[in-house]
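J.: sharing a sequence plus its predicted fold:
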Amino acid sequence: MAASFDSRRVAHVQRIAVLRPNAVGDFIFLLPALAALRAAYPQAHITLLGRRWHVEFLTGRPGPWDEVIAMPAAPGVGAAPQAEIDAAAIERFVADMRARRFDIALQLYGGGRHSNPFVQRLGARVSVGAQADDAPPLDRTLRYAWMRNERTRLLEVVGLVGATPVDLSPALALTAQDHAALAAALALPPGPFVVLQPGASDPRRRWSAQRFAAVGDALAAAGAAVIVQGDAAERALTAEVAQCMSHPAIDVGGRLGLGALAALLARAALLVSNDTGPLHLGHALGCPSIGLFWWMNLHTAEPLALRSMRTFYSARTHCPVCGAGNVFGGCEHAVSFIDDIPLEPVRDEALAMVSTAVRQKLPVTGAAPAALQAEAARTPLAIPGDPWQRPVT
């Protein structure tokens, strides 16, 4: 398979299209590449082609994009290759995009088997993206290799048009609407609080509810309020964590939209989370966090600059129920592959990080109101002698 490694900047660029219609964590992975694009083409109009949630969450939010458009799901690009689709909507979308006369169209949606032909249909002067063995080439391509850090991969793709990294972990801005949405959904505790995120789309990436509850109890005993967070599909799971705790917890499962969640995480003293969208969202907001990873996801999803994130991972490769190699779905058991991450080091690190975050009041994007910060400063965690306190760098 031939690949073009031309990395010169494209001349006379006015419009750039970026194709990435996927989930929250995948969008956070894109931020360093978008920042590089903006720095390389400061006058260009950058259009993100995403999903409806991108439009709702990003329109009006400061960032390295000028426009966000929800595209219809196409085969292999937002929809399963054999899924039923609205062909007429796709044709209208393609015609609209072609009329915009993009100078560059970037495919940042996988290996390109389906997404490269789709990007080619947009009619840009220069098409750019990764190319797997079963994908057609674009004008500028690099070979798609499995098991790469996704942030690095995206930076390499935009590097094909001369966009070099400017920040390995760009911050995500908060808006007044985020804070208003949070205020409407939840009365925050008066002192420091932590967020537990026990869900994940893949059951193999979930630490057990009992272990999350044990961490929550340790933090509650030390003086932090505990909020258990999850989306609407995770209500049973967040309720289980809260019920397993001996101390009271605030269960907000299914209650927070994405903007409200962003505002919540920006104010939290700590987030303890499986490898899922809210973990990466919190990291982009400067929230001190503990990420619980399966080894293969740590390899592909770990931030390039950890800042205030600590990571724990499981190296398990075989199903704990039947012993089958389950990395590629080798059996039918939907069980945790990360529950052999031991409780004690996670609990101790959580106590240390919360103590440090509260005492040092680490800066976050869209920081909490001064009154809330002052309350946190007046309410130190009750950890006698702070035996776990270590600096967070």
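T.: Nice, I can see it.
J.: who are the contact partners of Y109?
T.: Neighbour list for Y109: 19-22, 77, 115, 129 [criterion: Cβ atoms under 8 Å, 6 or more residues apart in numbering]. From N, CA and C alone the C-beta is placed, and that goes for glycine too.
J.: 6 Å instead?
T.: By Cβ atoms under 6 Å, 6 or more residues apart in numbering, the contact list for Y109 reads 19-20, 115.
J.: can you give me the distance of it to L285?
T.: 24 Å (Cβ to Cβ, to the nearest Å).
J.: ok so, going back, L154: which of the contacts of Y109 is nearest?
T.: Nearest to L154 among the contacts of Y109 is R20, at 8.4 Å by Cβ to Cβ.
J.: I'd say that closest one and L108 touch.
T.: Yes. If you go by Cβ atoms under 6 Å, R20 and L108 touch, sitting 4.6 Å apart.
J.: and A176, how many neighbours does it have?
T.: Look at A176: counted by other Cβ atoms under 10 Å, it has 10 neighbours.
J.: for L154, same thing?
T.: If we define neighbours as other Cβ under 10 Å, then L154 has 24 of them.
J.: what strand or helix carries it?
T.: helix 150-159 (DSSP states H and E).
J.: just the strands in the stretch 201-350 of the chain please.
T.: Using DSSP state E, counting those that start in this stretch, the strands of the stretch 201-350 of the chain run over residues 225-228, 250-251, 270-274, 289-294, 309-314.
J.: quick one: which of those is nearest D86?
T.: Evaluated with Cβ to Cβ, these place strand 270-274 nearest to D86, the distance being 33.8 Å.
J.: could you chop the chain up by domain?
T.: With domains defined by automatic domain parsing, the chain comprises 15-159, 176-378.
J.: least confident of these, on average?
T.: Ranked by mean pLDDT, the domains of the chain bottom out at domain 176-378, with a mean of 89.
J.: how far does that domain sit from the chain's center?
T.: 13 Å (Cα atoms, centre = their mean, to the nearest Å).
J.: use 38 as the first number for this chain going forward.
T.: Taking 38 as the first residue, the last one we looked at is domain 213-415.
J.: coming back round to it: adding mean neighbour count, write the strands of the stretch 238-387 of the chain out as TSV.
T.: Converted to TSV, those look like this (neighbours: other Cβ atoms under 10 Å):
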stretch	mean neighbour count
strand 262-265	25
strand 287-288	20
strand 307-311	29
strand 326-331	25
strand 346-351	19
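J.: dump those into TSV; add distance to Q214 as well.
T.: Putting those into TSV (distance: least, Cβ to Cβ, whole Å) gives the following:
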stretch	distance to Q214
strand 262-265	20
strand 287-288	22
strand 307-311	21
strand 326-331	24
strand 346-351	26
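J.: closest to P69 out of the ones you listed?
T.: Closest to P69 of the strands of the stretch 238-387 of the chain is strand 346-351 (Cβ to Cβ; 15.1 Å).
J.: for that closest one, list the C-alpha coordinates in PDB.
T.: C-alpha atoms of strand 346-351 as PDB (Å, rounded to 0.1, in the frame of the first residue of the first chain):
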ATOM      1  CA  MET A 346      -4.400  12.200  36.300                       C
ATOM      2  CA  ARG A 347      -3.200   9.000  38.000                       C
ATOM      3  CA  THR A 348      -3.800   5.700  36.200                       C
ATOM      4  CA  PHE A 349      -4.200   2.200  37.300                       C
ATOM      5  CA  TYR A 350      -4.600  -0.700  34.900                       C
ATOM      6  CA  SER A 351      -5.300  -4.400  34.600                       C
END
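J.: just the helices in this structure please.
T.: Listed in chain order, the helices of the chain (DSSP state H) span 61-77, 89-95, 124-136, 152-157, 187-196, 213-222, 246-258, 272-281, 295-304, 314-321, 332-338, 380-397, 407-415.
J.: of all those helices, which one is nearest D103?
T.: Checking the helices of the chain against D103 by Cβ to Cβ gives helix 61-77 as the closest, at 9.4 Å.
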